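**Student:** A structural model of the following input is requested.
(4 chains)
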Protein chains: 2
Amino acid sequence: MPVPLSREKIAATAIRLADAHGLDGLSLRKIAKELGVGPMRLYDYVINKSELLDLMVDVVYARIAEVGQRSGWRDTVLAIAHATRDAALDHEWFSDVLGGRPHLGPHALAVGEATAAALSAAPGVRDIDDLQRAVGALNAFIIGSVRREVTERRTARSTGTDEAAFQASLGPYLTRMLKTGRYPTVARLVIDGAHLNAEETFNHNLTTILDGMTRQRPT
Amino acid sequence: MPVPLSREKIAATAIRLADAHGLDGLSLRKIAKELGVGPMRLYDYVINKSELLDLMVDVVYARIAEVGQRSGWRDTVLAIAHATRDAALDHEWFSDVLGGRPHLGPHALAVGEATAAALSAAPGVRDIDDLQRAVGALNAFIIGSVRREVTERRTARSTGTDEAAFQASLGPYLTRMLKTGRYPTVARLVIDGAHLNAEETFNHNLTTILDGMTRQRPT
DNA sequence: GTATTGGTGGATACACCGTACGGTAGCGGG
DNA sequence: CCCGCTACCGTACGGTGTATCCACCAATAC
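**Tutor:** A predicted model of the protein is given here:
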């Protein structure tokens, strides 16, 4: 009644709900109720739930695209990668769809364009085949990293971070598994390795990959 | 009646159905019907659907683990990576859960152990922090690559591979977008770049990343 | 002024989902 | 022989996305 509803408003409240209760807790009925409207009203603005998801995704990409162009190709790539990671940490559901559907919204395309343009200016990227591989590798790394990190954060939150709660929840099974001695290296990683800073690790690996793929290869 | 049902049998038919109709098309009711049983019978073997998913995932990891140990660390890593990719191409739903939940089944742990053990023998991986980063980078790349490839394959299948069908389905929107001139680099990639062999690209990028992260860095 | 039309918003309905629950039938022990 | 227990199973509930129909109301035609 006050404001007549719109795709933007629907996407915004959908994002709010998804942030709060996850993608599984998101339903058209709840969105409609939040907007004080019957469920079927949403279908005047959106074809189906999948299109609504695309809408939400592109809103997030809009925020990522805001980082804009930096001075050098490398700074641009780093900025986009970190912005993507930040966005996924703010909207964990974003990591659930990352890489799972084609991102064709205008802002997603803008981010893709900025990334590709930056990489095409990198040394070692000589022709379009190089560029395609570089874009693929970079995006693959970002998608995988962000997914892993969000998943880790979720399990950490659900089990509790401290040693005791961890031992109590996954422990009965996982510690038994590790005690078998069949997974010594994994055991060492689990026991010794929880203290690494996530952003630092992300940045470190990102740097390594950029270095690796922009190095001149023997033709 | 004939064979009294078991976790393995349930997982097997669940995998068959998921292969055929995707993860969205998978339901406990359909699995039960396929087994000639009431839906609630499954709950005698499985706590809930999520545990069934974990079961399915670990069956796939069992196949990946079969590649076993190779002579050198590098061959081992390559074999595991390719086996993971192959498994995801055989079971596309696998890519949907890849990285989206902790993989704690025995076979998943075995694969993780083999990967970590191999990487710990790589040059340039000096302490456990290096190892943790290396494992993270590698897994991130694999997860992202496989997801991307499966997604591409799905959209290609749904739109049709040939130029005409592609132009007809995504064309009206995507070609219009690209015609705006705002995404010149993406346009070049889309128009010129479809012919790269997927496995080759995967292998190429994988090699690049392994080279990058096993190179000695200045302390 | 009245009848008709068009379009808009809502309620209802359907098919399906995961899963909680209550009953029943078969079987071992007293 | 009867009782109690256990293992199984059908039914039912609350939820989902979405198609369809219906009631209302404004504006037009006569």
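**Student:** Show me the shaky parts of chain A.
**Tutor:** A:1-3, A:159-172, A:194, A:216-219 (pLDDT under 70).
**Student:** What parts of it come near DNA strand D?
**Tutor:** Within chain A, the positions near DNA strand D by CB under 7 Å from any atom of the strand are A:26, A:27, A:28, A:29, A:30, A:39, A:40, A:43, A:48, A:49, A:50. All C-beta spots, glycine's among them, are computed from the backbone N, C-alpha and C.
**Student:** CSV for the residues you listed, including secondary structure and neighbour count?
**Tutor:** Shown next, in CSV, are the residues of chain A next to DNA strand D (DSSP: H, G, I helix; E, B strand; the rest coil; neighbours: other CB atoms under 10 Å in any protein chain shown):
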residue, secondary structure, neighbour count
A:26, coil, 21
A:27, coil, 14
A:28, helix, 18
A:29, helix, 12
A:30, helix, 15
A:39, helix, 13
A:40, helix, 10
A:43, helix, 13
A:48, coil, 10
A:49, helix, 15
A:50, helix, 10
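**Student:** and these as JSON lines, adding distance to residue A:174?
**Tutor:** Below are the residues of chain A next to DNA strand D laid out as JSON lines (distance: CB to CB, whole Å):
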{"residue": "A:26", "distance to residue A:174": "30"}
{"residue": "A:27", "distance to residue A:174": "33"}
{"residue": "A:28", "distance to residue A:174": "38"}
{"residue": "A:29", "distance to residue A:174": "38"}
{"residue": "A:30", "distance to residue A:174": "35"}
{"residue": "A:39", "distance to residue A:174": "42"}
{"residue": "A:40", "distance to residue A:174": "46"}
{"residue": "A:43", "distance to residue A:174": "45"}
{"residue": "A:48", "distance to residue A:174": "40"}
{"residue": "A:49", "distance to residue A:174": "36"}
{"residue": "A:50", "distance to residue A:174": "36"}
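**Student:** which one among those residues gets closest to DNA strand C?
**Tutor:** Nearest to DNA strand C out of the residues of chain A next to DNA strand D is residue A:40 (CB to the nearest atom of the strand; 3.7 Å).
**Student:** mind checking how far the closest one is from residue B:105?
**Tutor:** Here the criterion is CB to CB, to the nearest Å. By it, residue A:40 lies 42 Å from residue B:105.
**Student:** same question, residue A:198
**Tutor:** From residue A:198 to residue B:105 the distance is 25 Å (CB to CB).
**Student:** Counting neighbours, go ahead and name the busier of these two.
**Tutor:** residue B:105 (19 against 15; other CB atoms under 10 Å in any protein chain shown).
**Student:** so that one touches residue B:65, yeah?
**Tutor:** No: applying CB atoms under 8 Å as the test, residue B:105 and residue B:65 come out as separate, 10.2 Å apart.
**Student:** what's the neighbour count on the residue in chain A positioned nearest to chain B?
**Tutor:** Proximity of chain A to chain B (CB to the nearest CB) peaks at residue A:212, 2.4 Å away. Neighbour count of residue A:212, defined by other CB under 10 Å: 21.
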